[in-house]
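Student: I need the structure of the sequence given here:
(2 chains)
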Number of protein chains: 2
Amino acid sequence: MWLDLSTGVNPWPWPIPRDLPGAAWQRLPSRADEEALIAAAREAYAVPAGAEIVAAAGTQSLIQWLPQLASAGAVAIVEPTYNEHALAWRIAGHEVIARADLDDLPQAARHAVVVNPNNPNGRVMSRAMLARVAAQLQGRGGWLMVDEAFADIEPDISVAELCVDLPVVVLRSFGKFYGLAGLRLGFAIASPDIARRIALALGPWACSGPALVIGAAALRDREWAGRTRLAIQQQARKVDAVLENAGFRIAGGTGLFRLARRADAGKVHASLATQHIWCRCFEWADDLLRFGLPPDDRALERFAVALASAGA
Amino acid sequence: MWLDLSTGVNPWPWPIPRDLPGAAWQRLPSRADEEALIAAAREAYAVPAGAEIVAAAGTQSLIQWLPQLASAGAVAIVEPTYNEHALAWRIAGHEVIARADLDDLPQAARHAVVVNPNNPNGRVMSRAMLARVAAQLQGRGGWLMVDEAFADIEPDISVAELCVDLPVVVLRSFGKFYGLAGLRLGFAIASPDIARRIALALGPWACSGPALVIGAAALRDREWAGRTRLAIQQQARKVDAVLENAGFRIAGGTGLFRLARRADAGKVHASLATQHIWCRCFEWADDLLRFGLPPDDRALERFAVALASAGA
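Tutor: You can find the predicted model right below:
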């Protein structure tokens, strides 16, 4: 049986009720269902008055649409990061300018994309810096996309408040923190004008009935969220200890995945695979691996044993 | 309790298994899950070799994308029909030319949209005529969109075979016939080149895990489909009898909804609403109403009684 440590999805999902109402599957999602989800999301994601939040069938569908809706012009993307941003901007015909940082926002860039905290290195850009970049892009008629797919563990990172006065689009992923990636639910937070354009592009009934019902209930469950945040942080520390014990140096990450460095990372990746443990390696670095959270102590122990054998 | 006859959704849904695998909710949909759905859909919708089928989170999401992917130019839409087509083409910046027919395809039109069978009047355009129109549009570098949302009752109507040699995009809606509109699942059938562009636009993980699992199982259930086709046709005939008994003349429709004419339709609509029965009326005709299928004989009887009282 494979132990899949290649994702950043919480291994302890929010518990879906056994008997979802049949109507959630059978009828077209109603305005009332959508409004209940949006109300829960506004509160969970601390969307300020003066900004709007739009629900979609997964953040990925928003990543696909944003480059179509943004004005023509080049986009600066802070890399290395989640590949799909650059891909979607290129498909839509924008020039993509890769940057290691946004300190030196290129003159040619009209838009910018930052994953914050970043995947895979976990780097967090300050709100002040993102506000400065957004103001620059505003002067160029552009947008700043801030993908907060992994912000749930440290919600204070969120820059949702910037959306009120600046052309910032914040993306929030539901599936990762709530452990329900298959549900396909994600959100865009933006000014009313940008949010309206996103909603028009997505069209009606963008989210499934189950996503509306489950999303609303889960986002209202603040007790679960608090408890889960702690459990994720604890498990991440245990993973760090296992990795350091195996000669890795922790190079970053978020609570939901750890980035770790060892000179022979490629060899470790291959050895773990032969032991049916799957983790993430990178084309752009041969000494880094990314590990998601094992779901329990037994899996953690199996991981530790496999790493010891990989090092032999 | 409201009796909702305003939709064209089958009131007898394909039975969802009680215990979906947890993985369908929890992990990102896998390539294997997607391939299983596509294989089932190819067979259910009789997609010819030489054409491809792409799955999306509801046909609506395809209706939103197609005008973005189509080349610039006006679109002819056979109206009256489902409103969302014209809306999506306008949002994407195309001129919309409304036409009662495609016999006189306007010179200015580069693309065309036909709902076949049409909603709400049920009119079916012949395959020969659609092939002729598609060939004309091919000469103009355009596409013909054929929305077969209600073709499941009479599958022979489908023009999927045209997709091999002509720039035809056939849309198939899963939720209506299978009675699972909340699941959000729909398909586009097209040539490999057009299908690839649609798939690139949708991006990865467009469908939820439950949609992949349920869709694949339901589309393979040919016995259910055959039985349900008959049940829908029988119920449609019963609805016709009730309507004719109440002084309506049947003006068209498909198995999943009936379009009926009576001079005082507006009055009937209002009276039914006071009796908590909801049906569809139209801005463009004050003597037409559209009725979906009551789910059982009791609801049918309630409908008949309400109509009698509306006529008084």
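
Student: For chain B, tell me whether the helix of greatest length in chain A is touching it.
Tutor: Ranked by residue count, the top helix of chain A under DSSP state H comes out as helix A:222-245. No. Helix A:222-245 is not in contact with chain B by Cβ under 8 Å from any Cβ of the partner chain; minimum separation 13.9 Å. (Each C-beta comes from the backbone N, C-alpha and C, glycine too.)

Student: Need the three-state assignment for the residue most central in space within chain A.
Tutor: In chain A, the residue lying closest to the centroid (Cα atoms, centre = their mean) is residue A:149, at 1.8 Å. When classified by DSSP: H, G, I helix; E, B strand; the rest coil, residue A:149 comes out as coil.

Student: contacting residues around the closest residue to it other than its chain neighbours?
Tutor: Closest residue to residue A:149 apart from its sequence neighbours, by Cβ to Cβ, 6 or more residues apart in numbering or on different chains: residue A:173 at 4.0 Å. By Cβ atoms under 8 Å, 6 or more residues apart in numbering or on different chains, the contact set of residue A:173 is A:58-59, A:148-150, A:186.

Student: one more time with 6 Å, if that's ok
Tutor: Residue A:173 sits next to A:59, A:149, A:186 when contact means Cβ atoms under 6 Å, 6 or more residues apart in numbering or on different chains.

Student: Which positions in the stretch 101-250 of chain A make contact with chain B?
Tutor: The stretch 101-250 of chain A comes close to chain B at residues A:179-184, A:200, A:203, A:205, A:208-209, as judged by Cβ under 6 Å from any Cβ of the partner chain.

Student: follow-up on the earlier one: need the mean per-residue confidence for the longest helix of chain A.
Tutor: Averaged across helix A:222-245, pLDDT comes to 98.

Student: Just name whatever secondary elements the helix or strand just after it is in contact with.
Tutor: Per DSSP states H and E, the first helix or strand lying C-terminal to helix A:222-245 is strand A:249-254. Using 3 or more Cβ pairs under 6 Å, 6 or more residues apart in numbering or on different chains; DSSP states H and E, the elements in contact with strand A:249-254 are strand A:257-261.

Student: Okay, helices next: where are they in the stretch 151-300 of chain A?
Tutor: Along the stretch 151-300 of chain A, counting by DSSP state H, counting those that start in this stretch, helices occupy A:192-202, A:209-220, A:222-245, A:265-274, A:297-311.

Student: what's the fourth one packed up against?
Tutor: If contacts are counted by 3+ Cβ pairs under 6 Å, 6+ apart, helix A:265-274 sits against strand A:285-292, helix A:297-311.

Student: Please spell out which residues along that helix are buried.
Tutor: Of the residues in helix A:265-274, A:265, A:268-269, A:271-272 count as buried by neighbour count, 16 or more other Cβ atoms under 10 Å in any protein chain shown.

Student: Spatially nearest residue to the closest residue to chain B within the stretch 51-200 of chain A (excluding sequence neighbours)?
Tutor: Chain B sits closest to residue A:182 of the stretch 51-200 of chain A, with a gap of 2.8 Å, by Cβ to the nearest Cβ. Spatial nearest neighbour of residue A:182, excluding adjacent residues (Cβ to Cβ, 6+ apart): residue B:209 at 2.8 Å.

Student: relative orientation of the longest helix of chain A and helix A:297-311 in degrees?
Tutor: 20 degrees (axes from the mean of the first three to the mean of the last three Cα atoms, to 10 degrees).

Student: Show residues contacting helix A:222-245.
Tutor: A:153, A:250, A:255, A:258, A:260, A:293, A:300, A:304.

Student: Identify each buried residue in it, please.
Tutor: A:225, A:228-229, A:232, A:235-236, A:239-240, A:242-243.

Student: What of stretch A:211-221?
Tutor: Buried, per 16+ other Cβ under 10 Å, within stretch A:211-221: A:211-221.

Student: Give me the neighbour count for residue A:5.
Tutor: 24 (other Cβ atoms under 10 Å in any protein chain shown).

Student: Could you give the separation of the longest helix of chain A from the chain centroid?
Tutor: 17 Å (Cα atoms, centre = their mean, to the nearest Å).

Student: Pairing partners for the residue nearest to residue A:149 in the sheet, please.
Tutor: As for beta bridges, residue A:173 partners with residue A:186 under DSSP bridges.

Student: that older thread, quick one: which of the contacts of helix A:222-245 is nearest to chain B?
Tutor: Among the contacts of helix A:222-245, and counting by Cβ to the nearest Cβ, the member closest to chain B is residue A:293, at 13.0 Å.

Student: correct me, but that closest one touches residue A:11?
Tutor: Yes. Proximity of residue A:293 to residue A:11 meets the contact threshold set by Cβ atoms under 6 Å, at 5.4 Å.

Student: Among these two, which residue is more densely surrounded?
Tutor: Using other Cβ under 10 Å, the more surrounded residue of residue A:293 and residue A:11 is residue A:293, with 25 against 20.

Student: Quick one, grab the pLDDT at that one.
Tutor: Per the predicted model, pLDDT is 98 at residue A:293.

Student: again, but for the one 4 residues further on
Tutor: Looking at residue A:297, its pLDDT is 96.

Student: What number of neighbouring residues does it come out with?
Tutor: For residue A:297, the count of nearby residues is 10 (other Cβ under 10 Å).

Student: if I look at it, how far off is residue A:2?
Tutor: Per Cβ to Cβ, to the nearest Å, residue A:297 is found 18 Å from residue A:2.

Student: Residue A:186 is in contact with residue A:175, correct?
Tutor: No. Counting by Cβ under 6 Å, residue A:175 stays clear of residue A:186, with 7.4 Å between them.

Student: And these two? Which one has more around it.
Tutor: Using other Cβ under 10 Å, the more surrounded residue of residue A:175 and residue A:186 is residue A:175, with 29 against 26.

Student: What confidence value was assigned to the more buried one?
Tutor: As predicted, residue A:175 sits at a pLDDT of 98.

Student: Looking at residue A:312 now. What's its pLDDT?
Tutor: On the pLDDT scale, residue A:312 gets 54.

Student: Can you get me a residue count around residue A:307?
Tutor: Other residues near residue A:307 come to 22 when the count uses other Cβ under 10 Å.

Student: Nearest residue to it in space, please, no chain neighbours.
Tutor: Leaving aside its sequence neighbours, residue A:307 sits nearest to residue A:246 (Cβ to Cβ, 6+ apart; 4.0 Å).
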